[in-house]
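> I would like to see how this sequence folds:
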Amino acid sequence: MRLFNRSRLGIAALLALVGILYVLPIAMTVYGAFRTAPPGLPGDFSLTGLTDAFADSRTYSTLGNSLWLAVMAGLSATALAVAFAWIVSRTDAALRRLVTPLMAVVLATPPLFFSLAWNLLGTPKFGLLNEALGAVGLPDTLAVTGRWGVWFVLSLKLCSLGYFILIGPFLAMDRRLEEASLIAGAGRLKTFVHVNVPVMAPAVMSVFIIAFIIGLIVLDIPLIIGRPAGFQVFATQIFDFANNDIPPNYAAASALAMIFIAVVVALVAIKWRLLDRRQFTTVSGKGARPEPWDLGRWTWLCNAVIVVYALLALVLPVIQIVLGSLQPVFGINRFSADNFTALLDDPQVMPALINTAQYAVVGGALAVALSLLTAMVGRHGSLRLRRGLELSSWLPWAVQGIILGLALVWTFLSVPFLRSLFGTVTIVLIGLVVASTPVAGRAMDAALAQVGRELEESARVSGASSLRMGVGIVARLILPSCLAAWLITAIQIAGNFEVPILLSRPANQPVAVLVYQLNVQGEVTRAAALFVLLLGAVVCLALVLGAVAWLIRGRASSPKAPTARAATASVTPTVPSIPSRPALTNSGVE
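Sure, this is the predicted structure:
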C-alpha cells in the first residue's frame, strides 16, 4: 500500500513487532538448546542438549513415526476439506447447510478431549462403540489405539480446520471457469480435478502444509491414543524431555524443536517455489453469478458423506463426553448433575470462563487484524519484504505447543524490558496470539489471493486513498473470510492449554488449564463436565458471529444497500451465500 511505501517508519515498526512476536521466541528456543540452566537462571553454553537429544535412539524412530503421521494426516485431511468445501459451495446437496456449523463444533472441541472422547469410545466393553457392537452380537473388544487410530482421529480433527480455510476461496471462485471446462467437453469430475483444485492451489497448499506441520507437532492425540499401544512420536519425546525427565531437560527439548524450525522453513520455501509465479485470482471486477451443480442421482452420496462424518467427528464423541460428564466414574451407568453442581460451586470456574472469553474474543481479533495487516503490507511490498513477513508468521508452527510456551518463557525471562510482563494477563494474551496467528495468517493469505489487483488499481485511479482502498474495498470483499478466521482463532485460543499452562497464574488461567489440571488429578468426569461448559460457550460465540455474518449478508443483498465505490460502476461480483445463495450487489464476497 502507498501508505506504507511512503512511511519507512511504519514498515520498521511493523517489522519490529513481527520480530518480537514471531522471530524472537524461535531464536530463544535455539538459544535454550545450548544452555545448561533452566530459563531465567544463570548458566553456561554447552552442547550437552544436542548430544542428549540426538544420541537417544528414540529420536530417529519417533521422527519416522511423526513423518508418516504428518504425510498421511495431511493428505487425508486436505482431501476431506476440499470435498466438503466443494459440496457446500458448488452443489445442491440437501445437507450442505449443516456442514459449516458441523465443522465449527468439531473445531471447537479441544484436541485433548477430542482424543479422550475417542479413547473412551473405543474402550473395550464400556465404550459406546463396543456397547453397540455387543448389542448386535459382535465382539466388543474394539480399541481405537495405535498408529492407525492416531491417524484416523487426527484426520477427522484437521478436516474442520482445512474446511474453514478453503470455504471462503471456494465461494469466491468464478463459475465461468467451470462453465468453460464443461463447454470444452470435460465432465464434472474432470472439471473438479483439473479446474477447481488447481485454481484453489494457494489455499489447498496452505491447508496441506498446516496439516502436515500439525501432524509433526501434535501431542494430545498420540499421547492418549498412541502411547498405550506403543506408538511414540517426536512430540511425545519432547514432552518427556521437558516434563518427565528429572530434572527436566529443557536443552534437549529445545534441540529437538530446532528440527521443526528447519522443516517449516523448508515447507515455506517449497510453497514459494511452486506457487509464486502463478496467478490464482478468482474474484475479478466482472460480474459472475455462480449456480450450484445439480448432482442428480449422486446427491445421496454427498449427503451420506456428510452424515458419516457428522457421526464420527461430532455426534459420537460429544455423546460420549456428555455421558461421561453425567457419570461419577466412566463406564458406570448412573447419571446425575453432581459434576456440574460441583463446578458451579468451585470459585475457580467462573473466573476461568471469563478469562477464556476475554482471551478468545480479544486474542482472535488481534490475531486476525495482525495477520491481515502483514498480508496486505507484504502484498504491496517488495518480494523480500513479503517473503520475510510470510516466513515469520509461519515460525510459531515450528515449535510444538508446550515448546512454544517454553520459548516464550525463555523470551520474557531473558529480555529485561519484557520480564515485568511475566505472569500477567498480557503475556498470556501475547502467547495465545502468537500461537494462533499462523492459522489466521493462512486464512488471510488465501482470502487475499482471490482478490483481483484490478480492483485496487481502479480505486487508485479514481483517487481513493490507501486506507479507503484497504477498508472500503479489499476488507469488504474478504469480510466473510475475516469472520471465519476470527472464529477459528477464537476457538483455537479457547482450547489451548500448552501455552497458558506455562505463562498463566491462578488468577488469570483459562478453562483449558483448569480442565487439564482436573484430568491430571483423576477427576475425569468433572473435567468432561467443564469441557461441556466450554463447548457450550464456544457454540454461543459461533452463533453470535453467525448472526453478525447473516446481518452483513442481508444488508449487502438489500436492493437499497450502497455499492462499494471502485473506479468503475461495473465492479459488482455476485457470490452465493450458504443459507439462501442471494446475489451481492456491493462488490462483496461471502
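> mind checking the SS state of residue 124?
Of the three states, residue 124 takes coil under DSSP: H, G, I helix; E, B strand; the rest coil.
> and it, what pLDDT?
We have a pLDDT of 72 for residue 124.
> what about residue 251, distance to residue 233?
Using Cβ to Cβ, to the nearest Å, we find residue 251 at a distance of 21 Å from residue 233. Where C-beta positions appear, they are placed from N, C-alpha and C, glycine not excepted.
> out of these two, which sits in the busier spot?
Neighbours of residue 251 and residue 233, each counted by other Cβ atoms under 10 Å, are more numerous for residue 233; the result is 30 against 24.
> and the more buried one, how far is that from residue 154?
To residue 154, residue 233 is 11 Å away according to Cβ to Cβ.
> kindly report the same for residue 408.
Note on residue 408: its distance to residue 154, by Cβ to Cβ, is 25 Å.
> same question, residue 46
Distance, residue 46 to residue 154, using Cβ to Cβ: 36 Å.
> between these two, who's got more neighbours?
Counted by other Cβ under 10 Å, residue 46 and residue 154 do not tie: residue 154 has more neighbours, with 29 against 14.
> which residues does that one contact?
Contacts here follow Cβ atoms under 8 Å, 6 or more residues apart in numbering; on that basis residue 154 touches 69, 73, 77, 214, 215, 218, 221.
> among those residues, which pair sits farthest apart?
Of all pairs drawn from the contacts of residue 154, the greatest distance, 12.6 Å, lies between 77 and 221 (Cβ to Cβ).
> leaving out chain neighbours, which residue sits closest to residue 30?
Distance criterion Cβ to Cβ, 6 or more residues apart in numbering; nearest residue to residue 30, sequence neighbours excluded, is residue 258 at 6.0 Å.
> what's the helix or strand for that neighbour?
Secondary structure assigned from DSSP states H and E places residue 258 in helix 250-275.
> against which helices or strands is that helix packed?
When contacts are defined as 3 or more Cβ pairs under 8 Å, 6 or more residues apart in numbering; DSSP states H and E, helix 250-275 packs onto helix 24-33, helix 48-54, helix 201-217, helix 234-239, helix 383-394, helix 401-414.
> reformat these as CSV; add mean pLDDT.
Output for the helices and strands packed on helix 250-275, formatted as CSV (pLDDT from 0 to 100):
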stretch, mean pLDDT
helix 24-33, 84
helix 48-54, 83
helix 201-217, 83
helix 234-239, 83
helix 383-394, 67
helix 401-414, 78
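> count the residues that sit near residue 301.
Based on other Cβ under 10 Å, the number of other residues close to residue 301 is 12.
> what's the mean pLDDT across the helix or strand encompassing it?
With the criterion set as DSSP H and E, the secondary-structure element containing residue 301 is helix 299-310. Confidence over helix 299-310, taken as the mean pLDDT, stands at 91.
> quick check: angle from the next helix or strand after that helix to helix 299-310?
With elements assigned by DSSP H and E, the helix or strand that comes after helix 299-310 is helix 316-325. Orientation of helix 316-325 against helix 299-310 (axes from the mean of the first three to the mean of the last three Cα atoms, to 10 degrees) gives an angle of 30 degrees.
> can you list contacts of the helix or strand following helix 316-325?
Sequence-wise, the next helix or strand beyond helix 316-325 is helix 338-345, with elements assigned using DSSP H and E. Residues external to helix 338-345 that are found in contact with it (Cβ under 8 Å, 6+ apart): 325, 326, 328, 349, 350, 525, 526, 528, 529, 530, 532, 533.
> likewise stretch 509-520?
Under Cβ under 8 Å, 6+ apart, the answer for stretch 509-520 is 110, 112-113, 116, 348-349, 352-353, 355-356, 359, 428, 494-497, 500-501, 504, 524, 526-527, 530-531, 533-534.
> report the distance from that stretch to the chain centre.
Taking Cα atoms, centre = their mean, to the nearest Å, the mean C-alpha location of stretch 509-520 is offset from the chain mean by 21 Å.
> how about it: buried residues?
The neighbour-count criterion (16 or more other Cβ atoms under 10 Å) identifies 509, 510, 511, 512, 513, 514, 515, 516, 518, 519 as the buried residues of stretch 509-520.
> so which of the residues you listed are in helices?
Judged by DSSP state H, the subset of the buried residues of stretch 509-520 located in helices is 511, 512, 513, 514, 515, 516, 518, 519.
> could you tell me the model confidence score at the second one?
According to the prediction, residue 512 has pLDDT 83.
> so where's the stretch 151-300 of the chain uncertain?
Where the stretch 151-300 of the chain drops to pLDDT under 70, the residues are 173-179, 187-188, 196, 268, 271-293.
> re the thing from before, export the buried residues of stretch 509-520 to a markdown table and tack on distance to residue 40?
Below are the buried residues of stretch 509-520 laid out as a markdown table (distance: Cβ to Cβ, whole Å):
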| residue | distance to residue 40 |
| --- | --- |
| 509 | 20 |
| 510 | 23 |
| 511 | 28 |
| 512 | 24 |
| 513 | 21 |
| 514 | 25 |
| 515 | 28 |
| 516 | 23 |
| 518 | 29 |
| 519 | 28 |
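> and of these, the nearest to residue 121?
Within the buried residues of stretch 509-520, the smallest distance to residue 121 is 16.8 Å, found for residue 519 (Cβ to Cβ).
> what's the pLDDT at the closest one?
72.
> so what's the backbone phi/psi at the residue of the chain most remote from its centre?
With distances taken as Cα atoms, centre = their mean, the residue sitting farthest from the centre of the chain turns out to be residue 137, at 40.4 Å. Here the main-chain torsion angles of residue 137 (degrees, to the nearest 10) amount to phi 90, psi 10.
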